[in-house]
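**Student:** sharing a model that was predicted from the sequence below.
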Amino acid sequence: MARLSPYLLTTSATCACAVAGSLASDPDSSYYKNLTKPAWNPPNWVFPLAWTSLYACIAGTSGYTLARLKQDGNTEEAGRYSAALATNLALNASWSYTFFRSHRLGLATAHAGVLALSSADLVRRTARISKSAGALLAPYAGWTAFATALSGSIWWLNNKN
């Protein structure tokens, strides 16, 4: 059996992450609508636009990075990169379950923080192979850091204990 292209693998994995996260997200739920949000909370329509472009960047830059690593014969680093990507995508997809389904705002904030660290690490790993690919992926780390701050603010504003 022929090996799948790194681009096909990263695109498939990123799409699976996007679908899983989308299935758990429900910004129209009464739970989410009734949460107190900070004034700097973006309107709901911003999130799917931001995430769609970020997912495209993740798939493309990760596919490029893996292709370069494999082309250079660096299979060990390609394996480490693949593991870091898989961890990041799992954290990404599961955050929506923590926030929207479990209603655990403190845990969702911590979860977002770990995702932000993982995203920054993915940018670092990507930039070591290609500075331009790392630069294209950098907004992902920025967005997840913003999401951490937003989650923390929502937790703070809604902490009744």
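**Tutor:** Structure's in. What do you need?
**Student:** now the residue most central in space within the chain. Nearest residue, chain neighbours left out?
**Tutor:** Central residue of the chain (Cα atoms, centre = their mean): residue 92, 4.1 Å from the mean position. Distance criterion Cβ to Cβ, 6 or more residues apart in numbering; nearest residue to residue 92, sequence neighbours excluded, is residue 17 at 5.3 Å. Placement of C-beta: from N, CA and C, glycine included.
**Student:** rewinding a little: surely the residue nearest to the centre of the chain touches residue 21?
**Tutor:** Yes: applying Cβ atoms under 8 Å, one finds residue 92 in contact with residue 21, separated by 6.4 Å.
**Student:** distance check, residue 131 against residue 53.
**Tutor:** 20 Å (Cβ to Cβ, to the nearest Å).
**Student:** compare the two and say which is more crowded by neighbours.
**Tutor:** Using other Cβ atoms under 10 Å, the more surrounded residue of residue 131 and residue 53 is residue 53, with 13 against 10.
**Student:** picking that back up, ok, the residue nearest to residue 92 - contacts?
**Tutor:** 55, 89-90, 92-93 (Cβ atoms under 8 Å, 6 or more residues apart in numbering).
**Student:** try 6 Å
**Tutor:** 89, 92-93 (Cβ atoms under 6 Å, 6 or more residues apart in numbering).
**Student:** can you put those residues in TSV and add secondary structure and distance to residue 139?
**Tutor:** Listed next are those as TSV, based on DSSP: H, G, I helix; E, B strand; the rest coil; distance: Cβ to Cβ, whole Å:
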residue	secondary structure	distance to residue 139
89	helix	17
92	helix	14
93	helix	19
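**Student:** I'd like to know which of these is nearest to residue 147.
**Tutor:** Nearest to residue 147 among the contacts of residue 17 is residue 92, at 9.9 Å by Cβ to Cβ.
**Student:** from residue 29, how far off is that closest one?
**Tutor:** When residue 92 is compared with residue 29 (using Cβ to Cβ), they lie 20 Å apart.
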